[in-house]
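Chemist: Pasting the sequence and the predicted model now:
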Amino acid sequence: MTLSAASKTFKIPLKALKDLQRDNYLKMEPLTESDIHFLSCIRAIWCKEKYLQHQLARISAKKRYAIAIKAPMTRLEKWIFERYRRSKGTRLYIERVVSDIGSIFHIPDTPELRKTILRVRKRVYNTRSRIPFKHP
């Protein structure tokens, strides 16, 4: 069984399976019977609230907050988020961010890119107003 087939079968994200493989919890493809058994055990506890509570209890509140804020973002969105987060006190125009993205990521200026920037900027502004502690 391949990783992509295992991802569909066990409903575990492919990125998580690749991380498990990189950390040597899974063998190389094709997956062995022991790997398949391992994945079925993981699937039994994957995203179960009572197990997540135990895992999250071991992480500091500051780190949990950072994980929750950035988790569903792409690399570009994380970059935009950090760019706006670090610009406290100074005005950061969208034109500047678009030009920086063009030079760093080689992405042309499109209406979708501008929508993404606006969405992430709004997220940064919203998180600034409700942060219970300073950012790391």
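Modeler: Happy to help now that I have it. Numbers count the residues shown, from 1 in each chain.

Chemist: Helix, strand, or coil at residue 91?
Modeler: Taking DSSP: H, G, I helix; E, B strand; the rest coil as the rule, one finds residue 91 in the coil state.

Chemist: again with residue 37
Modeler: Using three-state DSSP, the structure places residue 37 in helix.

Chemist: Mind checking what helix or strand follows the one helix or strand in the chain whose mean pLDDT sits lowest in sequence?
Modeler: Counting by mean pLDDT, DSSP states H and E, the chain has its least confident helix or strand at helix 61-70, which shows a mean of 76. Helices and strands here follow DSSP states H and E; after helix 61-70, the next one along the chain is helix 75-85.

Chemist: pLDDT averaged over that following helix - what is it?
Modeler: Averaged across helix 75-85, pLDDT comes to 91.

Chemist: Give the other helices and strands that that helix contacts.
Modeler: When contacts are defined as 3 or more C-beta pairs under 8 Å, 6 or more residues apart in numbering; DSSP states H and E, helix 75-85 sits against helix 61-70, helix 94-105, helix 111-129. All C-beta atoms are positioned from the backbone trio N, CA, C, and that covers glycine.
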